[in-house]
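**Q** Mind looking at a prediction? Sequence and model below.
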Amino acid sequence: MAALNQTVCALRFLYGVTLGHAESPERIVYARSLRTLPVVLSADEVVAFLEAVPSLKCRTALTTA
């Protein structure tokens, strides 16, 4: 991904500054990074996590949150 964006920067500089084409650099787009979804715990994993907390005070705070 980074190498592709570096190539795009070089091409935009070539067409925009060196060759003097005003409209050409805007048509060359950067590569977009992939968005990943966050990891969501299952209900069983949440219960196991809360049961592993030794302090009742901390467990109550985590359950409330």
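**A** Cool, got the structure. Residues are numbered from 1 along each chain as shown.
**Q** So which bits of the helix or strand of the chain with the lowest mean pLDDT are buried?
**A** Between all helices and strands in the chain, the lowest mean by mean pLDDT, DSSP states H and E belongs to helix 24-27, at a mean of 82. Buried positions in helix 24-27, judged by neighbour count with 16 or more other C-beta atoms under 10 Å: Pro25. In short, each C-beta sits where N, CA and C put it, glycine included.
**Q** That helix packs against which elements?
**A** On a contact count with 3 or more C-beta pairs under 8 Å, 6 or more residues apart in numbering; DSSP states H and E, helix 24-27 meets helix 2-13.
**Q** Give me the contacts around the least confident helix or strand of the chain.
**A** Residues from elsewhere that reach helix 24-27 (C-beta atoms under 8 Å, 6 or more residues apart in numbering): 11-13, 15-16.
**Q** Thr63 and Leu50 touch, don't they?
**A** Yes. Thr63 is within contact range of Leu50, at 6.0 Å (criterion: C-beta atoms under 8 Å).
**Q** neighbour count winner among the two?
**A** Leu50 (13 against 10; other C-beta atoms under 10 Å).
**Q** ok so, going back, can you put the contacts of helix 24-27 in TSV and add distance to Glu26?
**A** Formatted as TSV, these follow (distance: C-beta to C-beta, whole Å):
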residue	distance to Glu26
Leu11	12
Arg12	9
Phe13	13
Tyr15	10
Gly16	9
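**Q** separation between the residue of the chain most remote from its centre and Ile28?
**A** Computed with C-alpha atoms, centre = their mean, the residue of the chain farthest from its C-alpha average is Leu56, at 35.6 Å. Leu56 sits 60 Å away from Ile28, going by C-beta to C-beta, to the nearest Å.
**Q** And for Arg12?
**A** 5 Å.
**Q** what's the domain layout of this structure?
**A** Here the domain parsing of the chain from automatic domain parsing is 1-34, 36-65.
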